[in-house]
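In: sequence and computational prediction follow.
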Amino acid sequence: MASLTFHSLTGTVEKIPTSSFCSNPRISATFHCKNKGEKRVSRMTLKAMGGAAKYKGTQMREKQLTEMIEKKVTEAKEVCKGDETSDECKVAWDEVEEISQAKADLRIKLEIEKKDPLESFCQENPETEECRIYED
Amino acid sequence: MAVCTVYTTQSLNSACSISTPTKTHLGFHQKQVVLDSTGKITSKKGSSSSSCVITCSVDHSQTVVIGLAADSGCGKSTFMRRLTSVFGGAAEPPKGGNPDSNTLISDMTTVICLDDYHSLDRTGRKEKGVTALDPRANNFDLMYEQVKALKSAIAVEKPIYNHVTGLLDPPELIKPPKILVIEGLHPMFDERVRDLLDFSIYLDISNEVKFAWKIQRDMAERGHSLESIKASIEARKPDFDAYIDPQKQYADAVIEVLPTQLIPDDNEGKVLRARLIMKEGVKHFSPVYLFDEGSTISWIPCGRKLTCSYPGIKFSYGPDSYFGHEVSILEMDGQFDRLDELIYVESHLSNISTKFYGEVTQQMLKHSDFPGSNNGTGLFQTIVGLKIRDLYEQITASKTAAPLEATKA
């Protein structure tokens, strides 16, 4: 009989640390992070924590998105200081949402679907800079 | 297999318009057979004032179009993946094209992200002070033209909106699929586009659940904190309420996701209550029901035959009114912990359009990785996927039915 793996939807809010973070968090699993950045994965995520970027271009894209999130959040906080209901403030947070979703989509693709978005492109163009195999 | 489509006007006595052959990328021979007003086939070609022309062609005449309103990004959402999986095959971005394409293609379905119809890119929106939620940031004329073309089996060059760079990239060729899904913020906003939809779904996530999901999505990001996540949701809310939310009145099915009522004062958002609101009287769509159609039922499957762990599972079903429409609402609160709970529940649901017993369970298991696999959100998304398959089969069957008889002469 096939065994069933179910993932609960969210981690518990109060246990999520604000200072440190887990590397490679799974979107759909319960997880706990210890302060040293050590990760203890719940019993429901026994699969190997693979799903890192395969090509250099994707790894760079991940980094770029992470930096963009930080930058856009800072910008939004700045813009909204004056007037929280202004159009500028709305647009700034909308950009944060757009980038956050883009990053999450990339993570889902790598970790759950286990596909590098550059796969098809790199089959055709293996010599390009972005298609160098990323070595950790 | 060639299928003959009869193009007629209201009565057979008046002149029939000659059909324009549908454009496909397959070569085929068109035979023209003329029927006189009594329906007998004659060998005359060309139309007289009282005859109809039957055009035999490969049946690619009408693409079935599904609209999905969701705020969770495009084409990569769980719902889309479940939907394309019901039809078989994995949905992939177009091969050899722009790696940042939002489009997904499988054998039967093509999923288009409506963000591709942004008229303003990120810079443009910043200049005008509009969010992506604002209709002013979207080109509804182009959306209508292209969806209409695809529906009529004509390929289009669709723009690509790049979510990373925030720019509009060069267009990609989209060939008309059997099933076209348009997913995004505004599938039902424009009336002309709405009229092209054969079926529409709205994913209605309550504020508390949205907050919990976005926390889970963003908390691991260096730039984010609880405050920034909250601020982002709050800032987008006015536009969301003004432009996106009103679309739900037009949807044939709404999947509402709320916090559970089984755990008092639960604010963790772990256990969810999902409601499937189904419009009555929609062509080719028969709402799912529990036990006795049209009655009001409250059902807790856990008991002597089925043991569930805390907080258990609770179902309800009944007729209601939603924005002035008659609807049936099927609701599930709680979560599945074991395979047998899922099978037990499936066996008690009716009108789920499965092809075999256990198909819902099988689909849920196939994607046990996806969020919602253990609760009503996954269950209802899967069921809606099966209803769409049923709708597609009914629509295509009704097109190929009676006229086939006429060609046997």
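Out: Yep, that arrived.

In: quick check, the residue in the stretch 51-200 of chain B closest to chain A?
Out: Taking C-beta to the nearest C-beta, chain A has its nearest neighbour within the stretch 51-200 of chain B at B:G129, 3.4 Å off. Heads up, the C-betas are built off the backbone N, CA and C, glycines and all.

In: any idea how many residues pack against that residue?
Out: Around B:G129 there are 14 other residues, counting by other C-beta atoms under 10 Å in any protein chain shown.

In: got it, and the one 5 residues further on?
Out: Neighbouring residues of B:D134 were enumerated by other C-beta under 10 Å; the total is 21.

In: list the contacts of it.
Out: Taking C-beta atoms under 8 Å, 6 or more residues apart in numbering or on different chains as the contact definition, B:D134 lies against B:125, B:239, B:243.

In: now it: phi and psi?
Out: Here the main-chain torsion angles of B:D134 (degrees, to the nearest 10) amount to phi -80, psi 130.

In: again, but for B:Q335
Out: Residue torsions, per degrees, to the nearest 10, at B:Q335 are phi -140, psi 160.

In: so how far is B:L83 from it?
Out: For B:Q335, the distance to B:L83 equals 22 Å [C-beta to C-beta, to the nearest Å].

In: now whichever strand or helix holds A:A76: buried residues?
Out: Element membership for A:A76, per DSSP states H and E: helix A:56-80. Within helix A:56-80, the residues scored as buried using 16 or more other C-beta atoms under 10 Å in any protein chain shown are A:56-59, A:61-62, A:65, A:68-69, A:72-73, A:76-77, A:79-80.

In: count residues in the vicinity of the nearest residue to B:S353 once chain neighbours are set aside, would you?
Out: Excluding the flanking residues, the one nearest B:S353 by C-beta to C-beta, 6 or more residues apart in numbering or on different chains is B:D390, at 3.9 Å. As a burial measure, B:D390 scores 18 neighbours (other C-beta under 10 Å).

In: OK, contacts around B:D390?
Out: For B:D390, the contacting residues are B:284-285, B:353, by C-beta under 8 Å, 6+ apart.

In: repeat that for B:Y243.
Out: Taking C-beta under 8 Å, 6+ apart, we find B:Y243 in contact with B:133-135, B:185-186, B:189.

In: ok, now with 7 Å
Out: B:133-135, B:189 (C-beta atoms under 7 Å, 6 or more residues apart in numbering or on different chains).

In: interface residues of the stretch 201-350 of chain B facing chain A?
Out: Within the stretch 201-350 of chain B, the positions adjacent to chain A are B:212, B:215-225, B:228, B:231-232, B:235-236, B:239, B:268-270, B:272, B:336, B:338-339 by C-beta under 7 Å from any C-beta of the partner chain.

In: drop anything exposed from those residues.
Out: B:212, B:215-221, B:223-224, B:228, B:231-232, B:235-236, B:239, B:268-270, B:272, B:336, B:339.

In: name the SS class of B:R275, please.
Out: Look at B:R275: counting by DSSP: H, G, I helix; E, B strand; the rest coil, its state is strand.

In: pLDDT at it, what is it?
Out: Looking at B:R275, its pLDDT stands at 98.

In: now for the residue nearest to B:Q363 when sequence neighbours are not counted, how many residues are close by?
Out: Counting by C-beta to C-beta, 6+ apart, B:Q363 lies nearest to B:T382, which is 4.8 Å off, once chain neighbours are set aside. Using other C-beta under 10 Å, the number of residues around B:T382 comes to 29.

In: can you pull out the helices in chain A?
Out: Counting by DSSP state H, chain A has helices at residues A:56-80, A:87-111, A:119-124.

In: contacts only, for the closest residue in space to B:D333 that isn't next to it in sequence.
Out: Counting by C-beta to C-beta, 6+ apart, the nearest residue to B:D333 once its immediate chain neighbours are dropped is B:R273, at 4.1 Å. Counting by C-beta under 7 Å, 6+ apart, B:R273 touches B:258-261, B:331, B:333, B:376.

In: tell me how far the closest residue to chain A within the stretch 301-409 of chain B lies from B:S77.
Out: Relative to chain A, the nearest point of the stretch 301-409 of chain B is B:N374 (3.9 Å; C-beta to the nearest C-beta). Per C-beta to C-beta, B:N374 is found 18 Å from B:S77.

In: what about the closest residue to B:P259 other than its chain neighbours, how many residues nearby?
Out: For B:P259, ignoring the flanking residues on the chain, the nearest one in space by C-beta to C-beta, 6+ apart is B:E208 at 5.1 Å. If you count neighbours by other C-beta under 10 Å, B:E208 ends up with 15.

In: same question, B:A70
Out: Considering only other C-beta under 10 Å, B:A70 is surrounded by 21 other residues.

In: pretty sure it is touching B:Y202, no?
Out: No. At 8.1 Å, B:A70 does not count as touching B:Y202 under the criterion of C-beta atoms under 7 Å.

In: ok, the residue lying closest to B:S206 once chain neighbours are set aside - contacts?
Out: Distances taken as C-beta to C-beta, 6+ apart put B:L258 closest to B:S206, at 4.6 Å, once the chain neighbours are dropped. By C-beta under 7 Å, 6+ apart, the residues touching B:L258 are B:206, B:209, B:273.

In: if anything else comes up later, I'll come back, but that's it for now.
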